[in-house]
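Q: what's the 3D shape of this:
(one chain, ligands or ions: 1)
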Amino acid sequence: MRIITHTCPQCGTIVSANELESSRVMKCPGLSCESVLRFDDLSDEEQEFFVNHREQYRL
Ligand SMILES: [Zn+2]
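A: Now for the predicted structure:
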């Protein structure tokens with residue numbers, strides 16, 4: 001399975017597409033990082049791939 005993640009541009013914390021997709025907009029889980037991460041931050045190609053293969057990510 002392809003792993004889709006987003007890396008916080010501010011602190012480098014890696015967040016899975018799963019987490020981004022379930023909340024759409026989330027505060028970065030990194031310690032003392034105020035960055036806001038969005039599902040839309042993923043590339044169009046990654047968003048499309050994730051949505052098309054959503055079942056695989058629900059395991
Ligand atoms: Zn961060």
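Q: for the rest of this, base every contact and every neighbour count on C-alpha atoms.
A: Will do.
Q: distance check, the residue nearest the centre of the chain against the ion.
A: Closest to where the C-alpha atoms of the chain average out (Cα atoms, centre = their mean) is A17, at 3.3 Å. Between A17 and the ion the computed distance is 15 Å (Cα to the ion, to the nearest Å).
Q: what about that residue, distance to H6?
A: 7 Å (Cα to Cα, to the nearest Å).
Q: what of D41?
A: Using Cα to Cα, D41 is found at 8 Å from H6.
Q: who has more neighbours, these two?
A: A side-by-side neighbour count of D41 and H6, using other Cα atoms under 10 Å, places H6 first with 20 against 15.
Q: just checking, that one touches E21?
A: No - the criterion here is Cα atoms under 8 Å, and H6 misses it with E21 at 11.2 Å.
Q: quick check: residues of this structure near the ion?
A: C8, C11, C28, G30, C33 (Cα under 5 Å from the ion).
Q: what's the spacing between the second one and E55?
A: From C11 across to E55, the span is 30 Å (Cα to Cα).
Q: secondary structure class for the residue of the chain found nearest the ion?
A: Closest to the ion within the chain is C11: 4.2 Å, counting by Cα to the ion. Here C11 is coil, with the state taken from DSSP: H, G, I helix; E, B strand; the rest coil.
Q: what's the neighbour count on it?
A: 15.
Q: ok, now L20?
A: L20: 20 neighbours (other Cα under 10 Å).
Q: for V36, what are phi and psi?
A: phi -110, psi 130 (degrees, to the nearest 10).
Q: got phi/psi on the nearest residue to it once chain neighbours are set aside?
A: Excluding its sequence neighbours, the residue lying closest to V36 (Cα to Cα, 6 or more residues apart in numbering) is K27, at 4.5 Å. For K27, the backbone dihedrals (degrees, to the nearest 10) come out as phi -80, psi 140.
Q: for the protein, which helix or strand comes out least confident on mean pLDDT?
A: helix 17-23 (a mean of 92; mean pLDDT, DSSP states H and E).
Q: if we go by neighbour counts, what in that helix is buried?
A: The neighbour-count check on helix 17-23 (16 or more other Cα atoms under 10 Å) flags A17, N18, L20, E21 as buried.
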